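Asker: need the 3D shape of this:
(chains A and B)
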Amino acid sequence: MDQFKKIWQTFISKPMAVVGALMLLVVLIMALFAPWLAPYDPQEHIDVSISDILAPPDAEHLLGRDDAGKDVLSSLIFGARVSLIVGFVSSFFSMFIGTTVGLAAGYYGGRVSNVLMRFTDFLMVIPDLPLMLVIISVWGRGLWKIILVISILYWTYTARLVRSQVLSIKERQFVLRARALGASNFRIIIRHILPQVLPLIIAQAVLDISSSIIAESTLSFLGLGDPMLVSWGMMLNFAFERAVSRMAWWFLLPPGFAIVWVSLAIILIGNALEEIVNPRLKTHHLFNPRNMVSLLMGKPPLVEPEPTPEVGT
Amino acid sequence: MSNQAILQIKTLYKHFPVAHTVKDRLARRPHQVVHAVDGVSFDVARGEILALVGESGSGKTTVGMNILGLQVPTRGQILFDGHNIADWAKGRLRPDGSPEDLGKLSRRRQIMALHRRAQMVFQDPYESLNPRQRIFDIVAEPLEIHGLVSNREEKQARVRAALEDSGLVPADHFWNRYPDELSGGQRQRVVIAGALVLEPELLIADEPVSMLDVSIRAEILTLLQNLRLAHGITILYTTHDLATAGYFTDRMAVMYLGRIVEIGPTIEVLKAPCHPYTQALVSVAPVPNPRKRRKRMILQGEVPNPIQVPPGCRFHPRCPLAEERCKQSDPPFVEVTQNHKAACLLL
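Answerer: Down below sits the predicted model:
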């Protein structure tokens, strides 16, 4: 795939993208090698004395101990697994749903589009968090239930994006040519339309990973996480309830920092990808940080000289 | 004639509805339509090259799209080898016990059968190729769609033959490339190869050279002409350029505002145009000899809005010879010589 090679080359030439990728790599290694990296097993049953509870960091426990006397660093390392699984799996599912809905609505148009898009709007205007809370409290808590809830609520933006792209692609002449060759609608969608939107979908899916991770952390923080697993959100929940009053910063800060770290990494990657596959963003005044500042200050936006197009070719 | 005719168009109409807004409804304005094709009839004989000449907006592309079932005609018949495509496109079956029993197939398979036998070459070679497909896949796609090849060797052989027939020699040199690595002329050859690979009987070439450099045009037109010689393909060539049409076509039909105004053998139409519109077109077509002075007939005004077609002869507002009666009655076709007909009251 020449096209993906090109995207990759542009990607590694952007410093922010490389920083994001390295940051994500750290988390990936943490999640993959958790049992070897973590000094203790968070699931292990331990006997604790009163002095172990919320004990400050020392040589044996680099990030101290939590409210149950367990090692915070080990929980943090194992928590990366939950965040990444939820992030990647639900963004994959929501990408799948969003792409299918967007392709169908954009290609078939008319009534199909109306029904699908009104449903999408409906999901978009409902506040996500209360709905997720309601669904989880009805279904019960569990990792897969969380993934499912996030997937069925977070596909709407992808669907809109894909639909808008399909609307313009389906009018292009090579689609007409495919029809003149006798290609079926399914073939046209899969062979001729999907490849054109795929890079954009991937960029969107990457950005979705961070919203999914944050959604999972939010649910866990509110006490609706999977009770069998340690996740960053849940650590925050416990820390917020029990550690804050005792100034146990070593229990509160690491999970919060980890969530910010992984979201930032993914947003850096996603933004870089989006800029590569949708270069119009680069020149848009709202996406130009310098112009945004001047707009906010009420000054006329700086106009950068357009790069002169190469003559010839 | 009708026995040899591969394609018969009988009073074809294609109207596109104009959006009817709430404001229109409140003002009680009637529903309006664009009269893209407004009663067109002609036959194309097997093995013939027919030019459909007209300005942009005259409806020539719409005729081509209707023939391939890419649009559904409003009214009229399109008979391809005796089968009414207009009915297929609407989803109505018309079993008429034809030689290949095309009429008895299901709608989808009828359309497939039509597309195997009739193909189209599009105007813009920069737009009609999928930028993400390699040349090989572009040319092989029709074979896959129609299930015409069973193994890779056969597929390669047919793609190679089609590419080399279209002048892309050697085929191996091109087929692993992407469209943006080729020039406009090469791309148009790929489009032609993609149509040829199905060995169609009818090729609709929709302004195939208008986007190409002048230096490439003759090559592509010669290629189309050779295809006719080698494979006996019938070609419907639409263009706005009389010079290219005169170069290689047998017959010519001139369209104006959704109607054919003159039809006849190319040489006759160019040498002795009968309809004032054709006369105007011929008088401004460039001639290679700069010394040769001709009286040019420059038409006044613009092509009228196809939503409100002028009454009577639709050319009368721009016609230098128009008389009072031209505003009243729609001119019928008059046979000037055998096979040469024009629709003008003054004939």
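Asker: what residue ranges in the chain score low on pLDDT?
Answerer: No chain specified, so I'll use chain A. A:1-2, A:279-313 (pLDDT under 70).
Asker: hm, I was asking about chain B
Answerer: For chain B (pLDDT under 70), the answer is B:1-3, B:86-107.
Asker: quick check: residues of it near chain A?
Answerer: Counting by CB under 8 Å from any CB of the partner chain, the residues of chain B close to chain A are B:68, B:70, B:108, B:111-112, B:114-116, B:119-120, B:122-124, B:127-133, B:141-142, B:145-146, B:178, B:191, B:194, B:198. (Glycine included, C-beta is placed from N, CA and C.)
Asker: what ranges do the strands span in the stretch 1-150 of chain B?
Answerer: B:5-17, B:33-45, B:49-53, B:75-80, B:83-84, B:118-121 (DSSP state E, counting those that start in this stretch).
Asker: could you dump these into TSV with mean neighbour count and distance to B:Lys271 added?
Answerer: Putting the strands of the stretch 1-150 of chain B into TSV (neighbours: other CB atoms under 10 Å in any protein chain shown; distance: least, CB to CB, whole Å) gives the following:
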stretch	mean neighbour count	distance to B:Lys271
strand B:5-17	19	25
strand B:33-45	21	20
strand B:49-53	27	15
strand B:75-80	18	31
strand B:83-84	20	36
strand B:118-121	27	28
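Asker: and the residue in the stretch 101-250 of chain B that chain A sits nearest to, how many neighbours?
Answerer: Residue of the stretch 101-250 of chain B nearest chain A, by CB to the nearest CB: B:His115 (3.4 Å). Look at B:His115: counted by other CB atoms under 10 Å in any protein chain shown, it has 23 neighbours.
Asker: for A:Phe238, which non-adjacent residue is spatially closest?
Answerer: A:Asp67 (5.7 Å; CB to CB, 6 or more residues apart in numbering or on different chains).
Asker: C-alpha coordinates for stretch A:169-186, CSV please?
Answerer: Output of stretch A:169-186 as CSV, limited to C-alpha atoms (Å, rounded to 0.1, in the frame of the first residue of the first chain):
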residue,chain,number,x,y,z
ILE,A,169,-17.0,10.8,-3.4
LYS,A,170,-20.1,9.1,-4.8
GLU,A,171,-20.5,11.9,-7.3
ARG,A,172,-17.1,11.4,-8.7
GLN,A,173,-16.7,10.0,-12.2
PHE,A,174,-14.9,6.8,-11.3
VAL,A,175,-18.0,5.7,-9.3
LEU,A,176,-20.1,6.4,-12.4
ARG,A,177,-17.6,4.4,-14.4
ALA,A,178,-17.9,1.5,-11.9
ARG,A,179,-21.7,1.6,-12.4
ALA,A,180,-21.3,1.6,-16.1
LEU,A,181,-19.2,-1.5,-15.8
GLY,A,182,-22.1,-3.2,-14.0
ALA,A,183,-20.7,-3.1,-10.5
SER,A,184,-23.1,-3.8,-7.7
ASN,A,185,-23.8,-1.1,-5.0
PHE,A,186,-21.9,-3.3,-2.5
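Asker: in that stretch, what's buried?
Answerer: Residues of stretch A:169-186 classed as buried by neighbour count (16 or more other CB atoms under 10 Å in any protein chain shown): A:169-170, A:172-183.
Asker: ok, stretch B:305-315 next?
Answerer: B:306, B:312-315.
Asker: doesn't A:Ile146 fall inside a strand?
Answerer: No: per DSSP: H, G, I helix; E, B strand; the rest coil, A:Ile146 lies outside any strand segment and is helix.
Asker: can you list contacts of stretch B:55-62?
Answerer: B:14, B:36-38, B:40, B:52-54, B:71, B:123, B:206-207, B:238-240, B:255-258, B:303, B:306 (CB atoms under 8 Å, 6 or more residues apart in numbering or on different chains).
Asker: rerun that using 7 Å as the cut-off
Answerer: Around stretch B:55-62, the neighbours that count as contacts under CB atoms under 7 Å, 6 or more residues apart in numbering or on different chains are B:14, B:36-37, B:52, B:54, B:71, B:206, B:238, B:240, B:255-258, B:303, B:306.
Asker: do me a favour and get the end-to-end distance for that stretch?
Answerer: 13 Å (CA to CA, to the nearest Å).
Asker: circling back: and the two most separated of the buried residues of stretch A:169-186?
Answerer: Across the buried residues of stretch A:169-186, the longest distance by CB to CB is 19.7 Å; it joins A:Ile169 and A:Gly182.
Asker: my read: B:Val34 touches B:Phe16, true?
Answerer: Yes: here B:Val34 reaches B:Phe16: they are 4.4 Å apart, a contact under CB atoms under 7 Å.
Asker: quick one, what contacts the residue in the stretch 101-250 of chain A positioned nearest to chain B?
Answerer: Nearest residue of the stretch 101-250 of chain A to chain B: A:Gly182, at 3.4 Å (CB to the nearest CB). Residues counted as contacts of A:Gly182 (CB under 7 Å, 6+ apart) are B:111-112, B:115-116, B:145-146.
Asker: ok, 6 Å please
Answerer: The contact partners of A:Gly182, taken as CB atoms under 6 Å, 6 or more residues apart in numbering or on different chains, are B:112, B:115, B:145.
Asker: just the ones of those residues in helices?
Answerer: B:112, B:115, B:145 (DSSP state H).
Asker: I'd say the residue nearest to A:Phe238 and A:Arg242 touch.
Answerer: Yes: the criterion here is CB atoms under 6 Å, and A:Asp67 meets it with A:Arg242 at 4.4 Å.
Asker: returning to what we had before: distance of the residue nearest to A:Phe238 from B:Lys341?
Answerer: To B:Lys341, A:Asp67 is 97 Å away according to CB to CB, to the nearest Å.
Asker: who has more neighbours out of those two?
Answerer: Shown here are A:Asp67 and B:Lys341; by other CB under 10 Å, B:Lys341 has more neighbours (21 against 16).
Asker: just the element for that one, please.
Answerer: strand B:340-342 (DSSP states H and E).
Asker: what's around B:His173, how many residues?
Answerer: B:His173 has 11 nearby residues by other CB under 10 Å.
Asker: wait, a helix at it?
Answerer: Yes: membership of B:His173 in a helix is supported by three-state DSSP.
Asker: how about the contacts made by it?
Answerer: No contacts exist for B:His173 under CB under 6 Å, 6+ apart.
Asker: and the gap between it and B:Arg217?
Answerer: 23 Å.
Asker: give me the distance between the two termini of stretch A:101-118.
Answerer: Start-to-end, stretch A:101-118 (CA to CA) is 12 Å.
Asker: so which bits of it are buried?
Answerer: A:101-107, A:113, A:116-117.
Asker: not counting its neighbours along the chain, what's nearest A:Val277?
Answerer: A:Pro199 is the one closest to A:Val277 (CB to CB, 6+ apart), at 3.8 Å.
Asker: ok, the one you found to A:Phe11 distance?
Answerer: 11 Å.
Asker: got phi/psi on A:Met228?
Answerer: Here is the backbone geometry of A:Met228 (degrees, to the nearest 10): phi -90, psi -10.
Asker: number of nearby residues for it?
Answerer: Neighbour tally, A:Met228, other CB under 10 Å: 9.
Asker: ok, now B:Pro320?
Answerer: Neighbours around B:Pro320, by other CB under 10 Å: 11.
Asker: now do the same for it: helix, strand or coil?
Answerer: B:Pro320 ends up coil, using three-state DSSP.
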